[in-house]
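> Predicted coordinates and the sequence they were generated for:
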Amino acid sequence: TRVSYFRFPVFTHRIVMFASGATRATRAASRTYATAASGLNKKTLIEAVASETGESKALVGRVLTATLDAVSASVQKGDKVALSGFGTFSRKNRAARAGRNPQTGAALKIPAANYPSFSASS
């Protein structure tokens, strides 16, 4: 039985695995899914895509890195990057403002800055 770790919390996934008479190897694999369910980082994303597509982790890693580099470069130029069904990356401006040094209380000027923004699609 294939259970998607994106849809089930860790404890539900383990109950399904053990209730279905999973083998020792499958139980060991559930530890990987438990890590991914608690937070998806670049490594676990590469592993998930590689197992879903059947491609090597090295190839998936290169494709993911190239994709993130392209998105980052576009946002740095000021372009919006819209991924249908996922969200929109954009660059926003933060205006200059006055601030205070918390140790001395001295007034200081905080310069304007650009920062990346992400808006999830609905």
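Done, it's in. All figures in this text were calculated on a predicted structure; none of them were measured in a lab. Residues are numbered from 1 along each chain as shown.

> G61 reaches L45, doesn't it?
No: in this structure, G61 is not within contact of L45 by CB atoms under 8 Å, at 9.5 Å. (C-beta placed from N, C-alpha, C; glycine too.)

> Who has more neighbours out of those two?
The neighbour count for G61 versus L45, taken as other CB atoms under 10 Å, is higher for G61 (18 against 14).

> Can you classify the closest residue to that one other than its chain neighbours as helix, strand or coil?
Distances taken as CB to CB, 6 or more residues apart in numbering put I46 closest to G61, at 5.0 Å, once the chain neighbours are dropped. Put simply, I46 is helix when judged by DSSP: H, G, I helix; E, B strand; the rest coil.

> so who does I46 touch?
For I46, the contact set (CB atoms under 8 Å, 6 or more residues apart in numbering) comprises K57, V60, G61, L64.

> Including distance to D79, could the residues you listed go into CSV?
CSV is the format used below for these (distance: CB to CB, whole Å):
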residue, distance to D79
K57, 30
V60, 25
G61, 25
L64, 20
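
> which ones among those are found in helices?
Using DSSP state H, the subset of the contacts of I46 located in helices is K57, V60, G61, L64.

> what's the most distant pair in those?
K57 and L64 (10.1 Å; CB to CB).

> how about the helix or strand harbouring D69: buried residues?
D69 belongs to helix 57-77 when assigned by DSSP states H and E. Buried residues in helix 57-77, counting neighbours by 16 or more other CB atoms under 10 Å, are found at V60, G61, V75.
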